[in-house]
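Q: give me coordinates for this.
(2 chains)
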Amino acid sequence: MTTLATDSPSGAATPPADATPAIEARDVHVRLGASPVLRGVDLTVRRGEVVALLGANGSGKSTLVRTLVGVLPASAGDVRLFGHPLGNGVPWGRVGYVPQRVSAAAGVPSTAAEVVSSGLLHGRRLTLPRGWRSRVRDALDLVGLADRARYATHQLSGGQQQRVLIARALVRDPELLVLDEPVAGVDRPSQEAFAATMTRLVADGMTVLVVLHELGELAPLVQRCVVLRHGRVVHDGAPPTPRQEHGDDAHEHVHPHEHSRTLQRAEDLRLADGPFETRPESTEDEVAP
Amino acid sequence: MSGLWEMVTDPFMQRALVAALLVGLSAPVVGTYLVQKRLALLGDGIGHVALTGVALGWLVGAAMGLVPDDVLAIPGAVVAAVAGSVLIEVVRRRGRTSGDLALAILFYGGIAGGVLLIGLAGGSSGSLMAYLFGSISSVTLSDVWVTVVLCGLILLVGLGLRAALFSVSHDEEFAISSGLPVWFLNMAVAVLAALTVTVAMRVVGLLLVSALMIVPVAIGQLVTRSFRRTMLVASIVGVTVCVTGLSITYWHNVSPGALIVVLAIAVYAVVAALHPLLARRRPPADPHPDIPDDVAVSATAGRGAAQEECTP
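A: The predicted model follows:
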């Protein structure tokens, strides 16, 4: 366990609420099998920030977010959520995680409402709280699927399934939302519905860490981009400029989740050798919801 | 009609019917979680291991000179089944690639060990068959009480913790990211499966235990689209086939365990055959009416032309 010196004294009595970052990862190393996937990643997400995590396939984006929410163990390093090291001390009810959609149908059918209701369980809460039905309905309403509550999830389109997973994370009223490629291979209406939902949540002060292949519809919301390459952070700052031919408005990124396409997409971010081309620091224009 | 009354008032049948009803009710509850976790064959594995437990209980009972020498068979089965299910769960967590092989070895070891040990304890092949294929007609009053207590426990945990068990069975990764005690919940499912195997052992036998957990769930998921209803339908089917199958054996001399399983599979076959007919009743409409078309295809163009006219 490596704990680097930080501004806030670690281990001291609870620091002021707003000072503690929502996510604080220091020198995180992760191995999957024998191969190191993350090699000393530092990442801080402050309250109310919207951070995009970019990078090619295999750069370790998903591994990083899965480590941050405790799914994968870090072989070295220190991860804190709201100032608490990963484990039972973390206020899990304040964290909402949206995993990558798994398309394989589960063995037993389950309705959208059932899947969303499982988001109400966290930490040591093993039974549904009072009034769970209306909370589930509200969460489905938030992603525009109120009329699909009683549908089996396998009857829904891919984009709708993804929105169910987002509703599952939102139903517990989290302060931090961690999303792993929420718009990969998702149909257009679902992408727009997703962007609209995110705009509303961010306006209400939601902290967001989102793994993306491209900023797309979320570009106006994203305040900071972290780019991973080969398991290291190679850029942390303003959104990098995409290559011209892909960056103009007329270029529609409608693509399935394919290797060849996503590898190419990594090239879109001009990060190769020279200094990063970053946009002017006028974040105010870009943040406006 | 009088025959039915005779059956219901027969004390042997009363005990057997209570056991069959409880097992038919609780086995599909656990089975629903197993199918959801894609561990449909776990019950088979535990059943094999439980046979060794039966034999060990028998051996110990015979060595201690207890009066019916198989009085410890059921406690032995409970211990071995719980130990086996915990071991399987540990193996499953440790490594996913070698888990398959380790489980297979556990299965074969369980059944081979059981057969060997029962022989050593002086058991006959008849007593072995009773455990492998059920012996519900020989259910004693104390067996009924054990069944009532264990089934009560299974239903209490299986239904009481339904939301949490659903969460961990449906998406284990999300459950971990919610800080749920995933290890404890997985163990709970494994132990529930082990207890179900031991109570169902008397009704359908160790080799057919898993069928009672899985086949009703297969029927349930054909006709419903929710987890809760699948579990409900599976339990109703479970109770129906267990009680019906057992009742038939009151008049016809066939193996109750085998008959119950065959009945369940027959129900599955009928429902599966009727399912497309029922589904066809719905009007043939656009399955996704609220999703706009992503490419414009001219209405008059034929199939070949349409491909060229997609808007870029």
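Q: what does the stretch 101-250 of chain A put close to chain B?
A: A:106-111, A:114-115, A:117-124, A:126-128, A:150-152, A:155, A:157, A:168, A:187-189 (CB under 8 Å from any CB of the partner chain). No exception for glycine: its C-beta is placed from N, CA and C like everyone else's.
Q: and those, which of them are in helices?
A: Mapping those onto helices (DSSP state H) picks out A:114-115, A:117, A:168, A:188-189.
Q: write a PyMOL command that selects only the buried members of the residues you listed.
A: One line in PyMOL is enough to select the buried ones among those; burial here means 16 or more other CB atoms under 10 Å in any protein chain shown:
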select buried, chain A and resi 114+115+117+168+189
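Q: which strand or helix spans the residue nearest the centre of chain A?
A: Computing the C-alpha centroid of chain A and ranking residues by CA atoms, centre = their mean puts A:Leu179 first, at 2.4 Å. Assessed by DSSP states H and E, A:Leu179 sits inside strand A:176-180.
Q: thinking again about what came up before, just flag the most distant two among the ones in helices among the residues of the stretch 101-250 of chain A next to chain B.
A: Maximum pairwise distance among those (CB to CB): 28.5 Å, between A:Ser117 and A:Arg188.
Q: got a list of what the nearest residue to A:Ala113 once chain neighbours are set aside touches?
A: Distances taken as CB to CB, 6 or more residues apart in numbering or on different chains place A:Ala149 nearest to A:Ala113, at 4.2 Å, with adjacent residues excluded. By CB atoms under 8 Å, 6 or more residues apart in numbering or on different chains, the contact set of A:Ala149 is A:111-113, A:136-137, A:140.
Q: rewinding a little: now render the ones in helices among the residues of the stretch 101-250 of chain A next to chain B as JSON lines, adding pLDDT.
A: Shown next, in JSON lines, are those (pLDDT from 0 to 100):
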{"residue": "A:Glu114", "pLDDT": "94"}
{"residue": "A:Val115", "pLDDT": "93"}
{"residue": "A:Ser117", "pLDDT": "95"}
{"residue": "A:Arg168", "pLDDT": "94"}
{"residue": "A:Arg188", "pLDDT": "78"}
{"residue": "A:Pro189", "pLDDT": "76"}
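Q: what number of residues lie near the residue nearest to A:Val45 when sequence neighbours are not counted?
A: Nearest in space to A:Val45, with sequence neighbours left out and distances taken as CB to CB, 6+ apart, is A:Ile23 at 4.0 Å. Using other CB atoms under 10 Å in any protein chain shown, A:Ile23 has 23 neighbouring residues.
Q: and if you look at A:Ala19?
A: For A:Ala19, using other CB under 10 Å, the count is 11.
Q: so it, which state does it fall into?
A: Taking DSSP: H, G, I helix; E, B strand; the rest coil as the rule, one finds A:Ala19 in the coil state.
Q: coming back round to it: any idea how far the residue nearest to A:Ala113 lies from chain B?
A: 10 Å (CB to the nearest CB, to the nearest Å).
Q: quick check on that residue: phi, psi?
A: Phi and psi for A:Ala149, reported as degrees, to the nearest 10, are phi -60, psi -40.
Q: okay, it: pLDDT?
A: Confidence at A:Ala149, expressed as pLDDT, is 89.
Q: so who does the residue lying closest to A:Arg94 once chain neighbours are set aside touch?
A: Nearest non-adjacent residue to A:Arg94, counting by CB to CB, 6+ apart: A:Glu175, 4.6 Å away. Taking CB under 8 Å, 6+ apart as the criterion, A:Glu175 is in contact with A:22, A:47, A:82, A:94-95, A:205-207.
Q: looking at the residue of the stretch 1-150 of chain A found nearest chain B now. What's its pLDDT?
A: Here the residue of the stretch 1-150 of chain A nearest chain B is A:Trp92; by CB to the nearest CB that distance is 3.3 Å. We have a pLDDT of 92 for A:Trp92.
Q: likewise A:Gly185?
A: For A:Gly185, the predicted pLDDT is 75.
Q: get me the contact residues on chain B for chain A.
A: Residues of chain B lying near chain A (CB under 8 Å from any CB): B:32, B:35-38, B:40, B:160-161, B:163-164, B:166-167, B:170-171, B:173-181, B:185, B:217, B:220-221, B:224-228, B:230, B:288, B:291-292, B:294.
Q: now the buried members of these.
A: Buried residues within the residues of chain B next to chain A, counting neighbours by 16+ other CB under 10 Å: B:32, B:35-37, B:40, B:161, B:163-164, B:166-167, B:170-171, B:173-181, B:185, B:217, B:220-221, B:224-227, B:230.
Q: show only the entries of those residues found in strands.
A: Using DSSP state E, no member of those falls in strands.
Q: shouldn't the residue of the stretch 1-150 of chain A closest to chain B be in contact with A:Arg124?
A: No: A:Trp92 is not in contact with A:Arg124 according to CB atoms under 8 Å; the separation is 9.2 Å.
Q: ok, those two, which is more surrounded?
A: Taking neighbours as other CB under 10 Å, A:Trp92 and A:Arg124 compare with A:Trp92 leading, 25 against 10.
Q: what's near enough to touch the closest residue to the more buried one other than its chain neighbours?
A: Distances taken as CB to CB, 6+ apart put B:Gly179 closest to A:Trp92, at 3.3 Å, once the chain neighbours are dropped. By CB under 8 Å, 6+ apart, the residues touching B:Gly179 are A:70, A:88, A:90, A:92, A:122-123.
Q: ditto for B:Gln36
A: Per CB under 8 Å, 6+ apart, neighbours of B:Gln36: A:106-108, B:166, B:169-170, B:227.
Q: strands of the chain, residue ranges please.
A: Picked chain A for this. A:23-32, A:35-45, A:50-54, A:76-81, A:84-85, A:95-98, A:176-180, A:207-211, A:224-229, A:232-237.
Q: measure B:Trp187 to B:Gly179 for me?
A: I think there's a mix-up here, since residue B:187 is Met and not Trp. 17 Å (CB to CB, to the nearest Å).
Q: low-scoring stretches of the chain, by residue?
A: In the absence of a named chain, this looks at chain A. A:1-18, A:102-106, A:241-289 (pLDDT under 70).
Q: wait, chain B was what I had in mind.
A: B:1, B:69, B:95-99, B:279-312.
Q: pull out the buried positions in the helix or strand that contains B:Leu101.
A: In the assignment (DSSP H and E), B:Leu101 maps to helix B:96-120. Buried residues in helix B:96-120, counting neighbours by 16+ other CB under 10 Å, are found at B:102-103, B:106-107, B:110-111, B:113-115, B:117-118.
Q: could you do stretch B:184-202 as well?
A: B:185-202.
Q: take those residues and keep only those in strands.
A: Short answer: the buried residues of stretch B:184-202 have none in strands (DSSP E).
Q: just to revisit the earlier point, inside helices: which ones of the residues of chain B next to chain A?
A: Using DSSP H, the residues of chain B next to chain A in helices are B:32, B:35-36, B:160, B:163-164, B:166-167, B:170, B:173-177, B:185, B:217, B:220-221, B:227-228, B:230.
Q: related to what we said a few turns ago, show me what the residue nearest to the centre of chain A is bridged to.
A: A:Val98, A:Val210 (DSSP bridges).
Q: help me confirm that it comes into contact with A:Val210.
A: Yes: with contact defined as CB under 8 Å, A:Leu179 reaches A:Val210; the gap is 4.4 Å.
Q: if we can go back for a sec, filter the residues of the stretch 101-250 of chain A next to chain B down to the buried ones, PyMOL style.
A: A single PyMOL command is used to select the members of those judged buried by 16+ other CB under 10 Å:
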select buried, chain A and resi 106+107+108+109+110+111+114+115+117+118+119+120+121+122+126+128+151+152+155+157+168+187+189
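Q: the contacts of A:Glu175 into CSV, with extra columns for neighbour count?
A: As requested, the contacts of A:Glu175 are exported to CSV (neighbours: other CB atoms under 10 Å in any protein chain shown):
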residue, neighbour count
A:Ala22, 26
A:Arg47, 17
A:Phe82, 21
A:Arg94, 16
A:Val95, 26
A:Gly205, 9
A:Met206, 21
A:Thr207, 24
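Q: fine by me, thanks again.
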